[in-house]
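Asker: Provided below for reference: sequence and predicted model.
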Amino acid sequence: MTRQAYIPAGVAAFAVAAVLAGCGGGDDGGGGDGGGGPADGEQLFTSRCGSCHTLAAAGTDGSVGPNLDDLKPDAARVRAAIQEAPGVMPEGLAEGAEAQAIADYVAGAAGAG
């Protein structure tokens, strides 16, 4: 057996996507009245999206996805990205009120940090 001292790029990308997909799955209690405020959106963004996206207001500096401070997306664009999971973005990061909370937070915070 020989040992490889590197990880092929495809394997590394798959591992990152698998880890990120798991980040959003821990809390299944979502519905109801308790979520959706600005603080919730920031916390959800930081824990589920921040490792890939730069957003100064959230203190994140990911480099896999677009820099949201530069992009300055509105809430509808963020919500669409969450639903469509473009590129290497994992599916199922947030749904319903959680997705809307993230979208509202990013739209309000992008470029403001």
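Answerer: Arrived safely, thanks for sending. Residues are numbered from 1 along each chain as shown.
Asker: dump the residue contacts of residue 41.
Answerer: 101-106 (C-beta atoms under 8 Å, 6 or more residues apart in numbering). Placement of C-beta: from N, CA and C, glycine included.
Asker: how about JSON lines for those, with pLDDT and secondary structure added?
Answerer: Shown next, in JSON lines, are the contacts of residue 41 (pLDDT from 0 to 100; DSSP: H, G, I helix; E, B strand; the rest coil):
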{"residue": "101", "pLDDT": "97", "secondary structure": "helix"}
{"residue": "102", "pLDDT": "97", "secondary structure": "helix"}
{"residue": "103", "pLDDT": "97", "secondary structure": "helix"}
{"residue": "104", "pLDDT": "97", "secondary structure": "helix"}
{"residue": "105", "pLDDT": "97", "secondary structure": "helix"}
{"residue": "106", "pLDDT": "98", "secondary structure": "helix"}
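Asker: And residue 60, how close does it get to residue 111?
Answerer: Residue 60 sits 14 Å away from residue 111, going by C-beta to C-beta, to the nearest Å.
Asker: More neighbours: these two, which one.
Answerer: residue 60 (18 against 14; other C-beta atoms under 10 Å).
Asker: Chain neighbours aside, what residue packs nearest to the more buried one?
Answerer: Using C-beta to C-beta, 6 or more residues apart in numbering and skipping residues adjacent in sequence, the residue nearest residue 60 is residue 50, 3.4 Å away.
Asker: returning to what we had before: quickly name whichever of the contacts of residue 41 is closest to residue 67.
Answerer: Distance to residue 67 across those (C-beta to C-beta) is lowest for residue 106, with 11.7 Å.
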